[in-house]
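show me the folded form of this:
(chains A and B)
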Amino acid sequence: MNLRSFLVSLLWALLLVVCISPQRLVFAANAIEDTPSGTLYLRRSAQEPVTEALRLATRMQVQVTGNVARVHVQQEFSNTGEDWVEGLYVFPLSKDGAVDELLMRIGERTIRGEVQEKAKAQALYNDARAEGRRASIVEQERPNLFTSAVANIAPHTTATIEITYLETLPFRDGRYTLNLPLAITPRYTPGAPQDATAEMPAATAAIMNAALGTSATPEKVKAARQRVSIEIDLEPGFALGEVSSLHHAVETQSAPSGKRVLLHTDDAPADRDFELTWTQAAEKEVAGAAFAERIGGETFALLMLSTPQQLDEAVPPREVTFIIDTSGSMQGPSIEQARAALSMGIDRLKQSDRFNVIRFASDYSKLFSSPQPVTDKSRALASGFVAGLSANGGTEMRAPLETALSSPSDPELLQQIIFITDGSVGNEAELIKLIHDRIGEKRLFTVGIGAAPNAYFLGEAAIAGRGSYTFIAERDQVGARMRDLFAKLEHPALIDLKVQWPGGMGVDLAAPLPMDLYSGDPIVVLARMPQIASGEVVLSGLVRGTRWTQRLPLTSVGEASGLSKLWARERIGTLSRQMHFGGDAEPLKAAIVDLALTYHLVTDFTSLVAVDDEVVRSAGSPGHVEQAATSAPVGGAWATVGFAKTATDAEVWLCAGLVCLGLSLLLTYTRFRRPAGERRPA
Amino acid sequence: MSGGASRRVDSLLKAAAIAAFAAGVTCLAAGAWIPIKAWAAQLLIDAAWRREHALSQIAAPWPWADTRPVAKLTVGEGTAATTLIVLEGSSGRNLAFGPVHDAASVAPGALGNSVIEGHRDTHFKMLRASKPGNRVTIEALDGSQSVFVVTDVRIVDSRRTRIVLDTDAALLTLVTCYPFDAINPGGPLRWIVTAERLRPKPALASIRRIN
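Residues are numbered from 1 along each chain as shown, chains lettered A, B, ... in the order given. Alright, predicted model coming up:
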């Protein structure tokens, strides 16, 4: 062989090695899993610390009109580096929000996003990214957790997207509340078998991998301060009483028809959810309201009123099981709040009641083997047990819930379960189904603890458990909130709710009417009527055995109010619930997709995607993916570390080596198999 | 087919075969280098550990090393025991040489959670056999020993889990990648062995028979 052909083959060899270098293989295998393994770092030394080029700022503008809020979330992705970047961000949104709009701003132009089925949206986005066009996509990861991605952000430029959602603001426990989630408590997904010592077959590992949702974008959570600014225009339609922000210092200005609330930013802690509450100036009971939006021959109606207050009466004796979460995510202030709530709960029990306490983390234990009467001795034992609770370990909720739900019930007693947790679990659907299937005559009440509890899980668990939920964000709220909860616990305030629509017409309810309503809980009904409707809606029910009626005239509102979208969002929630409870998945999914496409909504199966026609990056790679960190909730639970990459690429190299040798053998074989006349000795 | 074209095809095939062979050998060498490096580094580090003991001062395992041994880790007992020297700082480079102690966590044996990570296909391959009840021994720089007993072995998704550092007990958490025989080195699962420190037994010397 002459020198030239040797050099050529050497070059070929080098090229091959570069093409199949393990980093590339890894990157292809988990596209957005680990940013440091992205292609950008291929040419850098492995030792060089990774500097993050992506910065993210969030701006929220909220318009509150009556009982509906329209929230605009603006996300600004700034690329401060020298390379093109694809920005990725996982963020929390309201659990009930109807996400219906995505705007991508490029200079003076605005590109409006479209709702598409998830796979199609992904394809549109990927094509645009590959072709060097600007594109963005918004996907739903979990009901209250979303991902946004922006492709082709040029070096030293900023890309801005705006996501919009609608939400109803019910009157609950004597006030209106607007909640803007800002932080994420990372979710714990049980799934690893408790006894991992038994050798796990490869197939099981694959199933587990699938069950753990390796396709999902991980939350990248940092105990850092995120840049957020918030502006709220409050036009409630009545004279405002007290307006207060629970966790953030805000500036309040007077406006012609309400108030303007501003959160000034740079050092506003985004490590807890933003919560604004307001009340009416007049101390009278809120009468409630009924709104109607008329679109193309149909009417969408929203009814909102508060459950009638009841007088304090003798309550039947009850059996209360407290379940308290002592997992690692509850460390710091959360476990203190939980302990305080639990102590207060036990203090409020009466002599005729019975009770028990179950604590859980990776395992669970009970205070008493079965519920005990309330005596000085049992109270003392309980307070010792509560004082000894510390937060540590995983969040295995299933076993304690099963225990509480399956304990034999005494028909003489009201069976109530009070579940105190931050709800940081990933297997929400499984747990909600468990509660739904086993609740029987018991009732489950959830108490959300901490700076950023999983509101979706706590709300759904309370619906499935036919109870109600309460949130306690700070230590000094424990007393007031536990009083709210105990007022609900006394008895369902309203049962057998019925709604009579104008002209007795049949309507399409977004969700079935609630079976039990508790004191202070709102009544929210969304309905679609097949014709133009006007007149009066009559609600009736039983309060302590006596009939209660309320008449509400339908007030017409404009098309911009978005009642049709709210109706569709609620209906999608109902369909998803049926899916979780074991309904036939395919037709339910088809119905959800159909509603989402008609009413332009982001769901589990549909995403918003915006792509530009102009090519901004004509050559080169779309750059690496960078994920902006989401704030972790305040508290001590964040003295944690992540995981190093504890596998070498030795096996990848060995496999690649064997493949190459095999290829070489195959080529040599082919060469010698060619007819002898066509081959010349070298 | 003309002779010229045939020759071109032939020489192309030959070049490709040689190229693939060269690439194959290069890859195999790169793959084989990793376990060799892991093994050789432990020998050098072990020497540094002895030197450190002899001189009672911090010794670097090789002149240009920017890490240092912090503890001697023994997993298992008797003939099944594996002893490794743990390095400070969980960088990818340190991991190539030995198990590493996460500098954010407490020193092994202290109150709190001490985190030690290692490669699943070199140093920490033996963690596969860990079961609750097994012994893990740590020898600190000053020669003091602490004995831990494995309390939990589990698999977690590293993207959804974090290791809590503030614990009420003295814990040792050994982490490696999972599955042990996967080819892809970037998988999200981790094999976690948690061990709790045994309370030091009352020294035998303090018990004396009184006649």
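
pLDDT score assigned to residue A:612?
pLDDT, residue A:612: 91.

for chain A, longest helix please?
helix A:650-673 (DSSP state H).

ok, residues contacting it?
For helix A:650-673, the external contacting residues (C-beta atoms under 8 Å, 6 or more residues apart in numbering or on different chains) are A:16, A:20, A:22, A:25-26, A:679, B:10, B:13-14, B:16-21, B:23-32, B:34-35, B:121-122, B:183-185. C-beta coordinates here come from the backbone N, C-alpha and C atoms, glycine included.

which of the residues you listed fall within helices?
Judged by DSSP H, the subset of those located in helices is A:16, A:22, A:25-26, B:10, B:13-14, B:16-21, B:23-32, B:34-35.

which among those residues end up buried?
Among those, those that count as buried by neighbour count (16 or more other C-beta atoms under 10 Å in any protein chain shown) are A:16, A:22, A:25-26, B:10, B:13-14, B:16-21, B:23-24, B:26-28, B:30-31, B:34-35.

tell me what the helix or strand of chain B with the lowest mean pLDDT is packed against?
The weakest-scoring helix or strand in chain B, judged by mean pLDDT, DSSP states H and E, is strand B:163-164 (a mean of 72). Under the contact definition 3 or more C-beta pairs under 8 Å, 6 or more residues apart in numbering or on different chains; DSSP states H and E, strand B:163-164 sits against strand A:640-641, strand B:112-117.

ok, that strand: who's next to it in the sheet?
The strands that strand B:163-164 pairs with in its sheet are strand A:640-641 (antiparallel) (by DSSP bridges).

how far off centre is the helix or strand where residue B:45 lies?
For residue B:45, the host element (DSSP states H and E) is helix B:3-55. A distance of 22 Å separates the centroid of the chain from that of helix B:3-55, by C-alpha atoms, centre = their mean, to the nearest Å.

other SSEs contacting that helix?
Where contact means 3+ C-beta pairs under 8 Å, 6+ apart, helix B:3-55 is packed against helix A:3-19, helix A:650-673, strand B:69-75, strand B:82-88, helix B:92-97.

how about low-confidence regions in the stretch 301-450 of chain A?
Scanning the stretch 301-450 of chain A for pLDDT under 70 picks out A:309-315, A:393.

in it, what residue is nearest chain B?
Closest to chain B within the stretch 301-450 of chain A is residue A:328: 4.3 Å, counting by C-beta to the nearest C-beta.

could you find the closest non-adjacent residue to that residue?
Spatial nearest neighbour of residue A:328, chain neighbours left out: residue B:164 (4.3 Å); criterion: C-beta to C-beta, 6 or more residues apart in numbering or on different chains.

quick one: that neighbour and residue A:331 touch, right?
Yes - contact criterion C-beta atoms under 8 Å: residue B:164 and residue A:331 qualify, at 6.9 Å.

domains for chain A, by residue range?
With domains defined by automatic domain parsing, chain A comprises A:3-23+A:647-678, A:54-190+A:217-276+A:621-638, A:318-490.

tabulate those in CSV, adding columns for distance to residue B:100.
Below are the domains of chain A laid out as CSV (distance: least, C-beta to C-beta, whole Å):
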stretch, distance to residue B:100
domain A:3-23+A:647-678, 13
domain A:54-190+A:217-276+A:621-638, 22
domain A:318-490, 23
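
so how far is residue B:72 from residue B:79?
18 Å (C-beta to C-beta, to the nearest Å).

so these two - more neighbours on which side?
residue B:72 (21 against 5; other C-beta atoms under 10 Å in any protein chain shown).

what bridges to the more buried one?
Under DSSP bridges, the beta-bridge partners of residue B:72 are residue B:85, residue B:139.

isn't it right up against residue B:85?
Yes - at 5.7 Å, residue B:72 and residue B:85 qualify as touching, with contact defined as C-beta under 8 Å.

can you list residues touching both of these two?
Residues touching both residue B:72 and residue B:85 by C-beta under 8 Å, 6+ apart: residue B:49.

three-state assignment of the closest residue to residue A:411 other than its chain neighbours?
Of all residues not flanking residue A:411 in the chain, residue A:441 sits nearest, at 7.7 Å (C-beta to C-beta, 6+ apart). What DSSP: H, G, I helix; E, B strand; the rest coil gives for residue A:441 is coil.

my read: residue A:441 touches residue A:410, true?
No - counting by C-beta under 8 Å, residue A:441 stays clear of residue A:410, with 10.1 Å between them.

between those two, which one's more packed in?
Set residue A:441 next to residue A:410 and count neighbours by other C-beta under 10 Å: residue A:410 wins out with 13 against 10.

can you tell me which of the helices and strands packed on helix B:3-55 is packed in deepest?
A comparison of those by mean neighbour count, using mean count of other C-beta atoms under 10 Å in any protein chain shown, puts strand B:69-75 on top with a mean of 23.

residues contacting that strand, please?
With contacts defined as C-beta under 8 Å, 6+ apart, strand B:69-75 is touched by B:45, B:48-49, B:52, B:59, B:61, B:81-88, B:99, B:101, B:107-108, B:116, B:126-127, B:130, B:134, B:136-141, B:174.

let's see 7 Å
Under the contact criterion C-beta atoms under 7 Å, 6 or more residues apart in numbering or on different chains, strand B:69-75 has outside partners B:45, B:48-49, B:52, B:61, B:81-88, B:99, B:101, B:108, B:116, B:126, B:136-141.

and if you look at stretch A:493-508?
So stretch A:493-508 is contacted by A:307-308, A:310, A:513-514, A:516-519, A:523, A:525, A:527-529, A:531, A:533-543, A:548, A:554 (C-beta under 7 Å, 6+ apart).

likewise stretch A:603-611?
Here stretch A:603-611 makes contact (C-beta under 7 Å, 6+ apart) with A:102, A:104, A:111-118, A:121, A:124-125, A:128, A:133, A:135-140, A:572, A:576, A:589, A:592-593, A:596-597, A:602.

one more time with 6 Å, if that's ok
A:102, A:104, A:111, A:113, A:115-118, A:121, A:124-125, A:128, A:135-140, A:572, A:592-593, A:596, A:602 (C-beta atoms under 6 Å, 6 or more residues apart in numbering or on different chains).

ok, of these, which come out buried?
Neighbour-count burial within these applies to A:102, A:104, A:111, A:113, A:115-116, A:118, A:121, A:124-125, A:128, A:135-140, A:572, A:592-593, A:596, A:602; the criterion is 16+ other C-beta under 10 Å.

give me the distance from the longest strand anywhere in chain B to the chain's centre.
Assignment by DSSP state E gives strand B:145-157 as the longest strand of chain B. Computed by C-alpha atoms, centre = their mean, the chain-centroid distance of strand B:145-157 equals 15 Å.

again, but for stretch A:619-627
28 Å.

alpha carbons of that stretch, as PDB, please.
The C-alpha coordinates for stretch A:619-627 follow below in PDB (Å, rounded to 0.1, in the frame of the first residue of the first chain):
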ATOM      1  CA  ALA A 619     -26.000  27.600   8.400                       C
ATOM      2  CA  GLY A 620     -24.600  25.800  11.300                       C
ATOM      3  CA  SER A 621     -26.200  23.900  14.100                       C
ATOM      4  CA  PRO A 622     -29.300  25.000  16.000                       C
ATOM      5  CA  GLY A 623     -27.000  25.000  19.100                       C
ATOM      6  CA  HIS A 624     -27.400  23.300  22.300                       C
ATOM      7  CA  VAL A 625     -30.500  23.100  24.500                       C
ATOM      8  CA  GLU A 626     -30.400  25.100  27.700                       C
ATOM      9  CA  GLN A 627     -33.000  24.800  30.400                       C
END
